[in-house]
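# here is my input, please return the structure:
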Amino acid sequence: MKTIERIRKPIRTYHPRRGRLSGRHFDALDRLTQTYGFTPGDRVDVLEIGSGMGEATLEMAAADPGRRYLAVEIHTPGVANLLANIEQRALTNLSVVSVDALDLCREHIPDASLEAVHVFFPDPWPKARHHKRRLIQPANVALLSAKLRAGGLLHCATDDAGYAEWMLETLTASPVLRNRHDGYAPRPGHRPVTKFEQRALAVGRAPADLMFVKA
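The predicted model follows:
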(Lines give C-alpha, C1' and ligand atoms only; values in the text may rest on other atoms or scores of the structure.)
Protein backbone atom coordinates (compact mmCIF):
# COMPACT_ATOMS: atom_id res chain seq x y z
CA MET A 1 0.00 0.00 0.00
CA LYS A 2 1.43 3.35 -1.02
CA THR A 3 1.79 6.03 1.59
CA ILE A 4 1.51 9.73 0.93
CA GLU A 5 4.38 11.70 2.38
CA ARG A 6 3.33 14.83 4.21
CA ILE A 7 4.83 17.92 2.67
CA ARG A 8 6.54 19.91 5.37
CA LYS A 9 5.86 23.59 5.32
CA PRO A 10 8.92 25.76 5.91
CA ILE A 11 9.24 27.03 9.45
CA ARG A 12 8.41 30.72 9.52
CA THR A 13 10.97 32.78 11.42
CA TYR A 14 8.84 35.90 11.71
CA HIS A 15 5.44 36.72 13.13
CA PRO A 16 3.20 38.54 10.64
CA ARG A 17 1.86 41.74 12.18
CA ARG A 18 -1.00 43.90 11.11
CA GLY A 19 -0.58 47.62 11.02
CA ARG A 20 -2.54 50.63 9.89
CA LEU A 21 -1.49 52.35 6.71
CA SER A 22 -1.72 56.12 6.39
CA GLY A 23 -2.44 57.94 3.16
CA ARG A 24 1.29 58.63 2.91
CA HIS A 25 1.96 54.91 3.16
CA PHE A 26 -0.59 53.97 0.50
CA ASP A 27 0.91 56.59 -1.79
CA ALA A 28 4.44 55.28 -1.21
CA LEU A 29 3.45 51.69 -1.92
CA ASP A 30 1.61 52.70 -5.07
CA ARG A 31 4.29 54.96 -6.52
CA LEU A 32 7.62 53.75 -5.18
CA THR A 33 7.60 49.95 -4.92
CA GLN A 34 9.06 49.52 -8.40
CA THR A 35 11.35 52.52 -8.20
CA TYR A 36 13.03 51.38 -5.00
CA GLY A 37 12.32 47.67 -5.24
CA PHE A 38 14.65 44.75 -5.88
CA THR A 39 15.18 42.97 -9.18
CA PRO A 40 17.11 39.68 -9.23
CA GLY A 41 20.58 40.46 -10.43
CA ASP A 42 20.74 43.84 -8.71
CA ARG A 43 23.97 44.47 -6.84
CA VAL A 44 23.65 44.10 -3.08
CA ASP A 45 26.52 44.82 -0.69
CA VAL A 46 24.65 44.97 2.63
CA LEU A 47 21.55 42.90 3.34
CA GLU A 48 19.36 43.93 6.27
CA ILE A 49 16.90 41.27 7.41
CA GLY A 50 13.90 42.71 9.22
CA SER A 51 14.31 46.45 8.77
CA GLY A 52 11.18 47.31 10.79
CA MET A 53 10.13 50.89 10.17
CA GLY A 54 13.45 51.48 8.44
CA GLU A 55 15.00 53.99 10.83
CA ALA A 56 18.36 52.26 11.24
CA THR A 57 18.57 51.15 7.62
CA LEU A 58 17.91 54.63 6.32
CA GLU A 59 20.60 56.27 8.44
CA MET A 60 23.19 53.57 7.80
CA ALA A 61 22.67 53.69 4.04
CA ALA A 62 22.77 57.50 4.04
CA ALA A 63 26.10 57.43 5.90
CA ASP A 64 27.54 54.78 3.58
CA PRO A 65 26.80 55.90 0.00
CA GLY A 66 29.50 53.73 -1.55
CA ARG A 67 27.65 50.51 -0.77
CA ARG A 68 24.25 49.30 -1.93
CA TYR A 69 21.80 48.26 0.81
CA LEU A 70 18.81 45.97 0.49
CA ALA A 71 16.22 46.01 3.29
CA VAL A 72 13.96 42.97 3.65
CA GLU A 73 10.76 43.46 5.65
CA ILE A 74 7.37 41.72 5.62
CA HIS A 75 5.55 44.31 7.77
CA THR A 76 3.74 46.44 5.17
CA PRO A 77 3.69 49.73 7.15
CA GLY A 78 7.44 49.37 7.64
CA VAL A 79 8.01 48.84 3.93
CA ALA A 80 5.83 51.82 3.05
CA ASN A 81 7.50 54.06 5.64
CA LEU A 82 10.96 53.22 4.38
CA LEU A 83 9.97 53.76 0.74
CA ALA A 84 8.62 57.21 1.57
CA ASN A 85 11.74 58.14 3.50
CA ILE A 86 14.08 56.92 0.76
CA GLU A 87 12.33 59.28 -1.63
CA GLN A 88 12.37 62.13 0.88
CA ARG A 89 16.11 61.69 1.49
CA ALA A 90 16.80 61.10 -2.22
CA LEU A 91 18.90 58.01 -1.50
CA THR A 92 20.12 56.02 -4.49
CA ASN A 93 21.83 53.15 -2.66
CA LEU A 94 18.90 51.63 -0.76
CA SER A 95 16.21 49.26 -1.99
CA VAL A 96 13.34 47.49 -0.21
CA VAL A 97 11.67 44.14 -0.79
CA SER A 98 8.86 42.38 1.07
CA VAL A 99 9.64 38.66 0.91
CA ASP A 100 10.94 35.90 3.14
CA ALA A 101 14.63 36.77 3.57
CA LEU A 102 15.79 33.17 3.62
CA ASP A 103 14.01 32.43 0.34
CA LEU A 104 15.58 35.57 -1.12
CA CYS A 105 19.04 34.39 -0.10
CA ARG A 106 18.52 30.88 -1.45
CA GLU A 107 17.17 32.02 -4.80
CA HIS A 108 18.57 35.44 -5.62
CA ILE A 109 21.69 36.30 -3.61
CA PRO A 110 24.88 34.82 -5.09
CA ASP A 111 27.34 33.08 -2.81
CA ALA A 112 30.28 35.17 -1.58
CA SER A 113 28.68 38.40 -2.78
CA LEU A 114 27.74 40.33 0.38
CA GLU A 115 29.95 42.55 2.48
CA ALA A 116 27.57 42.43 5.44
CA VAL A 117 24.34 40.95 6.73
CA HIS A 118 22.46 42.84 9.45
CA VAL A 119 19.94 41.07 11.68
CA PHE A 120 18.73 43.69 14.15
CA PHE A 121 16.10 42.77 16.74
CA PRO A 122 14.51 39.76 15.04
CA ASP A 123 11.49 38.11 16.64
CA PRO A 124 12.89 36.46 19.80
CA TRP A 125 10.30 33.66 19.98
CA PRO A 126 10.92 33.43 23.76
CA LYS A 127 8.82 30.33 24.49
CA ALA A 128 10.86 27.13 24.36
CA ARG A 129 8.44 25.44 21.97
CA HIS A 130 8.95 28.29 19.52
CA HIS A 131 12.75 28.36 19.57
CA LYS A 132 12.82 26.43 16.29
CA ARG A 133 11.37 29.58 14.68
CA ARG A 134 14.28 31.80 15.62
CA LEU A 135 16.10 33.18 12.61
CA ILE A 136 19.51 32.51 14.07
CA GLN A 137 19.71 28.73 13.72
CA PRO A 138 22.70 26.67 12.53
CA ALA A 139 21.20 26.00 9.09
CA ASN A 140 20.23 29.65 8.58
CA VAL A 141 23.61 30.86 9.78
CA ALA A 142 25.25 28.52 7.27
CA LEU A 143 23.08 29.98 4.51
CA LEU A 144 23.84 33.59 5.44
CA SER A 145 27.54 32.83 5.85
CA ALA A 146 27.65 31.34 2.36
CA LYS A 147 26.40 34.64 0.96
CA LEU A 148 29.16 36.63 2.68
CA ARG A 149 32.48 37.39 1.05
CA ALA A 150 35.64 36.43 2.90
CA GLY A 151 35.94 39.00 5.66
CA GLY A 152 32.23 39.83 5.42
CA LEU A 153 30.34 40.72 8.57
CA LEU A 154 27.30 39.10 10.16
CA HIS A 155 26.05 41.68 12.66
CA CYS A 156 23.17 40.71 14.97
CA ALA A 157 21.49 42.62 17.78
CA THR A 158 18.75 41.70 20.23
CA ASP A 159 17.23 43.06 23.42
CA ASP A 160 16.15 39.59 24.59
CA ALA A 161 18.74 38.16 27.00
CA GLY A 162 17.84 34.55 26.25
CA TYR A 163 18.08 35.10 22.52
CA ALA A 164 21.40 36.91 22.95
CA GLU A 165 22.87 33.84 24.64
CA TRP A 166 21.37 31.62 21.92
CA MET A 167 22.88 33.84 19.20
CA LEU A 168 26.31 33.85 20.81
CA GLU A 169 26.33 30.06 21.18
CA THR A 170 25.03 29.45 17.64
CA LEU A 171 27.35 31.91 15.91
CA THR A 172 30.37 30.73 17.89
CA ALA A 173 29.66 27.16 16.75
CA SER A 174 29.83 28.13 13.08
CA PRO A 175 32.95 26.67 11.43
CA VAL A 176 33.33 29.64 9.08
CA LEU A 177 32.66 32.60 11.38
CA ARG A 178 35.01 34.31 13.82
CA ASN A 179 33.92 36.58 16.65
CA ARG A 180 35.40 40.07 16.39
CA HIS A 181 35.18 40.42 20.14
CA ASP A 182 35.45 38.35 23.28
CA GLY A 183 31.74 37.59 23.65
CA TYR A 184 29.32 40.40 22.94
CA ALA A 185 30.48 43.43 20.98
CA PRO A 186 30.53 46.95 22.40
CA ARG A 187 27.57 48.84 21.05
CA PRO A 188 28.75 50.14 17.67
CA GLY A 189 28.25 53.83 17.02
CA HIS A 190 27.28 53.23 13.40
CA ARG A 191 24.10 51.36 14.40
CA PRO A 192 21.51 54.09 15.04
CA VAL A 193 19.32 53.98 18.14
CA THR A 194 15.75 53.42 16.95
CA LYS A 195 12.47 54.09 18.74
CA PHE A 196 12.18 50.34 19.28
CA GLU A 197 15.54 50.26 21.05
CA GLN A 198 14.68 53.33 23.10
CA ARG A 199 11.57 51.57 24.39
CA ALA A 200 13.62 48.51 25.30
CA LEU A 201 16.13 50.64 27.20
CA ALA A 202 13.32 52.46 29.01
CA VAL A 203 12.11 49.18 30.54
CA GLY A 204 15.58 47.94 31.38
CA ARG A 205 16.30 45.65 28.41
CA ALA A 206 19.87 46.36 27.33
CA PRO A 207 20.51 45.36 23.70
CA ALA A 208 23.40 43.04 22.91
CA ASP A 209 25.39 43.25 19.67
CA LEU A 210 27.21 40.32 18.10
CA MET A 211 29.70 40.85 15.28
CA PHE A 212 31.11 37.82 13.47
CA VAL A 213 33.27 37.85 10.34
CA LYS A 214 33.64 35.15 7.72
CA ALA A 215 37.06 33.58 7.76
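# hey, where'd the strands end up in the protein?
46-49, 69-72, 94-97, 114-120, 148-158, 177-179, 208-214 (DSSP state E).
# closest one to residue 105 among the ones you listed?
Closest to residue 105 of the strands of the chain is strand 46-49 (Cβ to Cβ; 7.7 Å). Any C-beta I mention is one placed from the backbone N, CA and C, and that applies to glycine too.
# on that earlier part again, now the strands of the chain as a markdown table including mean neighbour count and mean pLDDT?
Output for these, formatted as a markdown table (neighbours: other Cβ atoms under 10 Å; pLDDT from 0 to 100):
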| stretch | mean neighbour count | mean pLDDT |
| --- | --- | --- |
| strand 46-49 | 24 | 98 |
| strand 69-72 | 26 | 98 |
| strand 94-97 | 24 | 98 |
| strand 114-120 | 21 | 98 |
| strand 148-158 | 20 | 98 |
| strand 177-179 | 17 | 98 |
| strand 208-214 | 21 | 98 |
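# can I get these in a markdown table with distance to residue 88?
Listed next are those as a markdown table, based on distance: least, Cβ to Cβ, whole Å:
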| stretch | distance to residue 88 |
| --- | --- |
| strand 46-49 | 19 |
| strand 69-72 | 15 |
| strand 94-97 | 12 |
| strand 114-120 | 22 |
| strand 148-158 | 26 |
| strand 177-179 | 36 |
| strand 208-214 | 28 |
